[in-house]
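Participant: Need coordinates for the below:
(chains A and B)
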Amino acid sequence: MLIYKYLTIFGRYLILMGRTFSVPERMRMFFKQYVKEMAQLGVNSIGIVLLISFFIGAVICIQMKLNIQSPWMPRWVSGYTTREILLLEFSSSIMCLILAGKVGSNIASELGTMRVTQQIDALEIMGVNSASYLILPKIMGMLTIMPCLVIFSSATGILGAYATAYVGHVLPPDDLTLGLQHAFKPWFMYMSIIKSQFFAFIISSVSAFCGYTVEGGSVDVGKSSTDAVVSSSVLILFSDVFLTQLLS
Amino acid sequence: MIEVRDLCKSFDGKQVLKDISTVFEDGKTNLIIGQSGSGKTVLMKNLVGLLDPTSGQVLYDGRDFVAMSKREKVHMRREMGMIFQSAALFDSLTVLENVMFPLDMFSTMNLRERTRRAMDCLDRVNLVGAEEKFPGEISGGMQKRVAIARAIALNPKYLFCDEPNSGLDPKTSLVIDDLLQGITKEFNMTTIINTHDMNSVMGIGENIIFIYEGHKEWQGVSSQVMGSTNQRLTDFIFASDLLKNMRQMVINGTNSKL
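Facilitator: Residues are numbered from 1 along each chain as shown, chains lettered A, B, ... in the order given. Just a heads-up that it's a prediction; the model follows:
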């Protein structure tokens, strides 16, 4: 019975995505919405991305220095492990989990409120494909802005690590630089961006589905917002396992 | 003209609309009245295609809306305007942008022409000066007028209003009623209004359909309401003792009891 329920939900999700990925009725209106969504979902998230990345970068560096560094280890190991953690997992997966909370709840509550206040019905009555008009710019906007957020996150995380070296004197800056540059594989950066694209799609489409299909009132909008965050987070964690296996 | 033939609608086996057949005429304010839960909103949602009927036909000038393909329905909907109970204005857009929205989406006009058309619509509903405000900054009555302006922006042939007076004071309700009747005559539209408001029934009801427990109980014009012998209709319209006494006095041709 549970499988039947989940298959039904998945079917409804696919139908909604089918409606979403249709040619926009007016490209001018689509681009207007697309730019707006990039600003609302992406640019407005830069602050939290930078803040969290900076402190997590600093904390990772301190933890590596305190718990891994030993006389038996090369002196670049703290910088090396900090870079690998930031690049491979933090800036793509963990950052997307954080964004699932911020952006996912934003999308679900916005669309849910539009549903219960009949704004989506108003669009349908006008003959507008409401799914395409409302959801497609969100998905495209997230896909566009996500690589920028990943790069900013990695860069700020490394800045945080340098802060521990220069300000906290946890380790010599030269050792950190050596570790950050040691055996660097550019593919890891691309891998991080590719993973984040999948996660961006999950966050925007799943949250949009949760919000768009709300039935009821304000309590249901709140519930859909929670569902959006939980579902997106679980799917990100699941897909992270497969993507990491696939891309490594 | 919109013709409804043997329309039925069921939800999970429970029949909400039962064999409704009626005609909504051009250039007239057609009112659907009935108690809460009688099926008025379900009937309207079936008319505009937000719900699919279980059986029956909805004919727009002879074209069967129910049998239309999705693409045909989308084109058909561009001939419709709708005013929702909650006004359903887009929160993130200003009053002017709300009215311009259908024009932006479907017209081939340039920006200046679209703006002029939207301003004309706002002028028609006496809202010039409020164009830069957001829906959250204006009163309920003004929101309804913006919704009317948005609904008429593309000169629709059919106008649907779901309880346009709900939540408004009697004076503002009269303004909305006058507007709806005015634009119906001006643009020769087929206007269908779901209402509970007895002022509307008596004031602008040129074709009234009374729905009772999902079926059409009575149909007529406002002048026939007073003398109707349909007990369910008179119980609904003249619900209070005051209204019952007034009706009796009108029928008796005396005002001595007043």
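
Participant: For chain A, which residues score under the pLDDT cut-off?
Facilitator: Nowhere does chain A drop to pLDDT under 70.

Participant: which bits of it sit near chain B?
Facilitator: A:25-26, A:28-29, A:113, A:117-119, A:121-122, A:124-129 (CB under 8 Å from any CB of the partner chain). Any C-beta I mention is one placed from the backbone N, CA and C, and that applies to glycine too.

Participant: Narrow those residues to those that are buried.
Facilitator: A:25, A:29, A:113, A:117-119, A:121-122, A:124-129 (16 or more other CB atoms under 10 Å in any protein chain shown).

Participant: Near residue B:235, how many other residues are there?
Facilitator: For residue B:235, the count of nearby residues is 12 (other CB atoms under 10 Å in any protein chain shown).

Participant: Read off the pLDDT value for it.
Facilitator: pLDDT for residue B:235: 82.

Participant: what about it, distance to residue B:212?
Facilitator: Residue B:235 is 10 Å from residue B:212, where distance means CB to CB, to the nearest Å.

Participant: What is the neighbour count of residue B:38?
Facilitator: By other CB under 10 Å, the residues close to residue B:38 number 21.

Participant: Report the contact partners of it.
Facilitator: Residue B:38 sits next to B:211-214 when contact means CB atoms under 8 Å, 6 or more residues apart in numbering or on different chains.

Participant: could you pull out the helices for chain A?
Facilitator: Per DSSP state H, chain A carries helices over the ranges A:2-20, A:27-37, A:46-67, A:77-85, A:95-99, A:105-116, A:119-125, A:130-166, A:173-181, A:186-212, A:218-247.

Participant: Which strands or helices does the first one pack on?
Facilitator: What that stands for is helix A:2-20. helix A:130-166, helix A:186-212 (3 or more CB pairs under 8 Å, 6 or more residues apart in numbering or on different chains; DSSP states H and E).

Participant: Redo those helices as CSV? Include distance to residue A:86 and mean neighbour count.
Facilitator: Shown next, in CSV, are the helices and strands packed on helix A:2-20 (distance: least, CB to CB, whole Å; neighbours: other CB atoms under 10 Å in any protein chain shown):
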stretch, distance to residue A:86, mean neighbour count
helix A:130-166, 4, 22
helix A:186-212, 9, 22
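
Participant: Out of those helices, which is closest to residue A:3?
Facilitator: Comparison of the helices and strands packed on helix A:2-20 against residue A:3 by CB to CB identifies helix A:186-212 as nearest, at 18.8 Å.

Participant: If you compare the directions of that closest one and helix A:77-85, what angle comes out?
Facilitator: 40 degrees (axes from the mean of the first three to the mean of the last three CA atoms, to 10 degrees).

Participant: Could you pull up the contacting residues of residue 193?
Facilitator: Answering for chain A, as no chain was given. For residue A:193, the contact set (CB under 8 Å, 6+ apart) comprises A:92, A:146-147, A:150-151.

Participant: Hmm, no, I was thinking of chain B.
Facilitator: Neighbours of residue B:193 in contact, by CB under 8 Å, 6+ apart: B:29-32, B:160-161, B:164, B:180, B:200, B:204.

Participant: Could you look up the SS state of it?
Facilitator: strand (DSSP: H, G, I helix; E, B strand; the rest coil).

Participant: Can you give me the distance of it to chain A?
Facilitator: 15 Å (CB to the nearest CB, to the nearest Å).

Participant: Tell me the bridge partners for that residue.
Facilitator: residue B:31, residue B:161 (DSSP bridges).

Participant: so which of the helices and strands packed on helix A:2-20 gets nearest residue A:180?
Facilitator: Closest approach to residue A:180 among the helices and strands packed on helix A:2-20 is made by helix A:130-166 (6.4 Å; CB to CB).

Participant: What helix or strand is residue B:18 located in?
Facilitator: strand B:14-24 (DSSP states H and E).

Participant: could you flag which of the contacts of residue B:193 are buried?
Facilitator: By neighbour count, with 16+ other CB under 10 Å, the contacts of residue B:193 hold B:29-32, B:160-161, B:164, B:180, B:200, B:204 as buried.

Participant: Now pLDDT too, for these, in a markdown table please.
Facilitator: Conversion of the buried ones among the contacts of residue B:193 to a markdown table gives the following (pLDDT from 0 to 100):
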| residue | pLDDT |
| --- | --- |
| B:29 | 88 |
| B:30 | 91 |
| B:31 | 91 |
| B:32 | 92 |
| B:160 | 92 |
| B:161 | 91 |
| B:164 | 85 |
| B:180 | 87 |
| B:200 | 79 |
| B:204 | 84 |
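
Participant: Which of the contacts of residue A:193 sits closest to residue B:132?
Facilitator: Using CB to CB, residue A:146 comes nearest to residue B:132 of the contacts of residue A:193, at 34.5 Å.

Participant: Could you measure from the closest one over to chain B?
Facilitator: Computed as CB to the nearest CB, the residue A:146 to chain B distance reads 23 Å.

Participant: Grab the nearest non-local neighbour of that residue.
Facilitator: Of all residues not flanking residue A:146 in the chain, residue A:200 sits nearest, at 4.0 Å (CB to CB, 6 or more residues apart in numbering or on different chains).

Participant: got a list of what that neighbour touches?
Facilitator: By CB under 8 Å, 6+ apart, the contact list for residue A:200 reads A:96, A:139, A:142-143, A:146.

Participant: I would like the C-alpha coordinates for whichever helix or strand residue B:224 is part of, written out in PDB, please.
Facilitator: Residue B:224 is located in helix B:222-225, with elements delineated by DSSP H and E. Extracted in PDB, the C-alpha atoms of helix B:222-225 (Å, rounded to 0.1, in the frame of the first residue of the first chain):
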ATOM      1  CA  SER B 222     -35.700  39.300  -9.800                       C
ATOM      2  CA  SER B 223     -39.200  40.600 -10.200                       C
ATOM      3  CA  GLN B 224     -40.600  37.100 -10.000                       C
ATOM      4  CA  VAL B 225     -38.800  36.300  -6.700                       C
END
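
Participant: Now that helix: buried residues?
Facilitator: Of the residues in helix B:222-225, B:222, B:225 count as buried by neighbour count, 16+ other CB under 10 Å.
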